[in-house]
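K.L.:
Quick check, what structure comes out for this input:
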Amino acid sequence: MRNRHEDQTLNSDLLDGYNSKSRKGKVSIHSVSLFAAITFILSLLILFVTLKTFNGLLPRPLEVIHERNNPDAFISERAIHDLKLLSSLGPRVTGSYENEALAVNFFKREIAFINQRTHRNQKLEVDLQTVSGSYFLNLKSNPEIHAYSKVQNIVVRLHGKSSSHSLLLNSHFDTVPRSPGGSDDGINCVIMLEILRKLSRSPERLQHNVIFLFNGAEELGLKAAHGFITKHKWANQVRAVINLDAGGAGGKEHLFQISNKQPWIFNYYKQLPHPNAHVVGEELFQSGIIPSDTDYRIFRDFGDVSGLDFAFVSNGYRYHTKYDDFYNIPNGTYQHAGENLLKLTKLMGNALDLPTTDSESEKFVYYDFFGYFIHYKGSVAVVLNVIVSVVSIALAVRSCMDFGVGTRYILCTFASILLGWFSSAAFVALTATIIDLLKSTMSWYGNQWFVFGLYVVPTLTCCCGSILLWNYYNETLNLSLAAQTQLQLHTVRCIWTLLLLLGTYFEIRSVSLLLVPIIFQNAVFIVVQALGLQYSVKKWQLIYIFGTITSCLYLMNVWQLLSTVLIPVCGRIGSDKNPEFIIGMYTCLSTILTLSCYVPFITLVNNSSAVIKLFLGVFLTSFLVITITPLGFPYSDNLDSPTPQRFWIFHTSRTFRNNSNHIVKKNSGFFILNWDRNGPYSLMNNVKSSSRIKSIADDCDDALFCGLPLANGRVLGIKHENTWIPAAQPIIHEPTDLKLILKSKIADTIVRFNFSVTGPSHMHIALSAKPNTTLMSTSLVDRLPENPIIWNNKPTYVIMHMWGVESTPLLFTLDFKVPKYWEGPIMDIAVVGHCVHDRTNVKTPQFVQFLNEFPKWADVTPYLTTYDSWVY
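P.N.:
Numbers count the residues shown, from 1 in each chain. Coordinates of the predicted model:
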């Protein structure tokens, strides 16, 4: 045991250790060289790249010849063959021949083949559902009433030992216009087919039924899922759902929603060979930041059925474009998803818990930690977070006592670190604004490594700079560099600890991101303090770095996952939002969260100013490259890794009527919906016809939605950022028609309208009450939206209609409350028809020429549309 005199001498030496600022000409024994610092930075970068490569690894796909030795395994070869056939049909838009006939026949044929080889112990039923209905979809920004007529579902039920309860597997086979739908959602359809093959050939029945739903109308309002869960004869048997969708192409399927009403599901998911889930993804999706939705919402809201919601999220550039084809999906993707989903189906199909639902169950925290799935209840999270926080603060207090510093020093250190964080955010925001003003936005869209130079490096510069500034004014204190660094590390951890407690109080489950690094840092300092190594020269540094690298990699992993989603999404959030600011602030936050545990080591670097200069050099080089060279151009039509710019172009015929329903204006043109920030700028620089752009702002005062054929309520927010170019009338073979069948007074102050609407397979209706009148109800839904769209200071309602197998009129009633003896107009109503089937649309030569003006890297979706307005 070290004697007291030796202890005091050692402590005194370390507390008085050389400080390169106060003892000029000497180098502290605790310091590290510039070479070591740069080596460490490069090592972190190498680990980041290695982790990205590791995350892209997929299992070896199995072929039919492997089935003899793996009789229960998922066989990718058959799924690959099925998707090649399905995607060869081309885009499968609801209402098209490809979707309603060819795709349906494909599934009927494949299911018939499967049925022929079903084991004698199994029983398989098939039902082709053609269904109509309506409902209200309560979305945050665009509440809509949806109606549908004769859309199709192919439903297969594989009987279990007990026929009273069923597990539902769902995917959709329809696509958006011009997309082959390889990943969205063809791959999930063929994975379900292979799961059906494997289960039906097994001699052992599962305990419960398994229903396979191949639905034919998801892409515009999740309609076919609603038809199944509210009207199908087997729907009341469903107790849990596994929903399969895509927001990207290829890669690994990600679990991003899971039921808190059925906590037993977690016990089965953790048994999967390749778990890939994080509660951060769930809370991000549910926040509405991601402009997408899935059938899971329908099953949950209209069928009170919950379960798991999976999606492919990698390579979101291909999502809803012509590039989402069969050939870009790695074969290992089929195997990864197939192995997971086959096992999950077996486990849940045999689960004794399947019939149970706990309506009061608390939410869970869950994430996979390098392949190991971790989950626990929210109440456990509270206890765990508090215990870890108490330990964290206790370690910091102990360290302050060891080094003999007071409250003032800690508060100043606390302030200096926060100054670095806030100055980082301010610098990033300023950089994003300047880049946007210089029209150099989204350079990282095509090359994600620009994010490092533009936002990671300046964030580290500000964080390091604030600490160095504090060290400069702190040089008179009798503290060694090691003591300063450790106290700064404790302070950083305590800041995250306070945020952890704050997030726990507000029940934000994503604060589990903070818990992991705090646990590792706690463990490191427990070891350091227990062994008395806080006074050592290098040992504590090595223990800290190697002890925290695992948590750093974990945070890098989440960083990469969210970047994989957010960066491609910026190509479809609209031209009214600055994606540079979104990605800049997200990167700033991710950098601070991931690397703040190492930033205080700048205190130990001999020539710390050289590190700052290096960072500034990298930032300036990146900034100059993206602003004055073509290397920062974000878009590409490279088939192997496309980064397209999206445009929706509507060749539109517009007809406006007055209060007497006489036509007062009729015109036509090209309406261009710009999906990203660069859209208007790209048009002006690359499309010749953009010189004829005309403002239609005047129409916004009188016409619903400016007289534009807006596809859904979500795009209303970007209407003013889009473009109108006058052109000749389009060729419309399926015109819309609104007929007033009957107008009646059902009470002194209630007027009822009976309408019939006909037109193409995709239509929407917008209506708004005139002053002094109020829409009270419609036959399409039980109650009107409580938060309707507000247009020109008036509640405005949108009805989205779609028909599938054959054209069917939409019949509905509207009841308005009016003043007694009212004789004036009651409402404005507009009907928009979208001719979305590109193969059968006849384009005018002028429209064809206009489409050809767009550059190759543009992903253009053309529509023929009509806008007709009436007053009643």
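K.L.:
any idea where the helices of the stretch 401-550 of the chain begin and end?
P.N.:
407-437, 443-446, 450-451, 457-473, 481-505, 512-530, 539-569 (DSSP state H, counting those that start in this stretch).
K.L.:
show me where the stretch 151-300 of the chain has strands.
P.N.:
With DSSP state E, counting those that start in this stretch, the ranges of strands along the stretch 151-300 of the chain come out as 162-172, 208-215, 238-246, 253-258.
K.L.:
Mind putting those strands into JSON lines with mean neighbour count?
P.N.:
C-beta coordinates here come from the backbone N, C-alpha and C atoms, glycine included. Shown next, in JSON lines, are the strands of the stretch 151-300 of the chain (neighbours: other C-beta atoms under 10 Å):
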{"stretch": "strand 162-172", "mean neighbour count": "23"}
{"stretch": "strand 208-215", "mean neighbour count": "26"}
{"stretch": "strand 238-246", "mean neighbour count": "26"}
{"stretch": "strand 253-258", "mean neighbour count": "24"}
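K.L.:
So for Ile693, which of those strands sits nearest?
P.N.:
Of all those, strand 238-246 sits nearest to Ile693, with 35.1 Å by C-beta to C-beta.
K.L.:
Now for His733, how many residues are close by?
P.N.:
10 (other C-beta atoms under 10 Å).
K.L.:
Might you report the residue contacts of it?
P.N.:
His733 sits next to Cys835, Val842 when contact means C-beta atoms under 8 Å, 6 or more residues apart in numbering.
K.L.:
please redo it, this time with the cut-off set to 7 Å
P.N.:
Val842 (C-beta atoms under 7 Å, 6 or more residues apart in numbering).
K.L.:
in the chain, which segments are predicted with low confidence?
P.N.:
For the chain, the stretches with pLDDT under 70 are 1-26, 140-141, 359-360, 475-476, 711-714, 717-721.
K.L.:
so what are the domain limits for the chain?
P.N.:
4-53+388-630, 64-130+152-361 (automatic domain parsing).
K.L.:
Just the endpoints, please. Distance across the last one?
P.N.:
End-to-end distance for domain 64-130+152-361, by C-alpha to C-alpha, to the nearest Å: 43 Å.
K.L.:
Identify the bridge partners of Val757.
P.N.:
Leu738, Leu810 (DSSP bridges).
K.L.:
go on, His146?
P.N.:
Counting by DSSP bridges, the residues bridging with His146 are Tyr135, Met800.
K.L.:
Thr655 now?
P.N.:
Lys666, Asp868.
K.L.:
For it, give me its contacts.
P.N.:
Contacts of Thr655 by C-beta under 7 Å, 6+ apart are Ile663, Lys666, Asp868.
K.L.:
buried sites along the helix or strand hosting Lys745?
P.N.:
Using DSSP states H and E, Lys745 maps to strand 737-747. For strand 737-747, burial by neighbour count (16 or more other C-beta atoms under 10 Å) applies to Leu738.
K.L.:
how near is Thr356 to Lys261?
P.N.:
Remark: distance between Thr356 and Lys261 (C-beta to C-beta, to the nearest Å) = 9 Å.
K.L.:
Spell out, range by range, the helices that occur in the stretch 51-200 of the chain.
P.N.:
Counting by DSSP H, counting those that start in this stretch, the helices of the stretch 51-200 of the chain are 76-87, 97, 104-116, 187-201.
K.L.:
Just name the most buried of those.
P.N.:
helix 187-201 (a mean of 24; mean count of other C-beta atoms under 10 Å).
K.L.:
that older thread, which one of the helices of the stretch 401-550 of the chain lies nearest to Tyr319?
P.N.:
So among the helices of the stretch 401-550 of the chain, helix 539-569 is nearest, using C-beta to C-beta, at 7.0 Å.
K.L.:
for the closest one, which positions count as buried?
P.N.:
540-541, 543-545, 547-549, 551-559, 561-569.
K.L.:
out of the helices of the stretch 51-200 of the chain, nearest to Phe136?
P.N.:
Of all the helices of the stretch 51-200 of the chain, helix 187-201 comes closest under C-beta to C-beta, at 27.1 Å.
K.L.:
quick one, the closest one and strand 162-172 angle?
P.N.:
150 degrees (axes from the mean of the first three to the mean of the last three C-alpha atoms, to 10 degrees).
K.L.:
quick revisit: same list, the strands of the stretch 151-300 of the chain, but as CSV with distance to Arg509 please.
P.N.:
Output for the strands of the stretch 151-300 of the chain, formatted as CSV (distance: least, C-beta to C-beta, whole Å):
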stretch, distance to Arg509
strand 162-172, 25
strand 208-215, 30
strand 238-246, 21
strand 253-258, 11
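K.L.:
Which one of these lies nearest to Ala523?
P.N.:
Once the strands of the stretch 151-300 of the chain are compared by C-beta to C-beta, strand 253-258 is nearest, at 28.4 Å.
K.L.:
I'd like the domains of the chain as a markdown table, with distance to Tyr367 appended.
P.N.:
A markdown table is the format used below for the domains of the chain (distance: least, C-beta to C-beta, whole Å):
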| stretch | distance to Tyr367 |
| --- | --- |
| domain 4-53+388-630 | 6 |
| domain 64-130+152-361 | 5 |
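K.L.:
Can you say which of those is packed in most?
P.N.:
domain 64-130+152-361 (a mean of 21).
K.L.:
Leu89 is in contact with Val104, isn't it?
P.N.:
No: the criterion here is C-beta atoms under 7 Å, and Leu89 misses it with Val104 at 10.6 Å.
K.L.:
secondary structure element for the nearest residue to Ala425 once chain neighbours are set aside?
P.N.:
Using C-beta to C-beta, 6 or more residues apart in numbering and skipping the chain neighbours, the partner closest in space to Ala425 is Cys588 (5.5 Å). Per DSSP H and E: Cys588 is located in helix 579-595.
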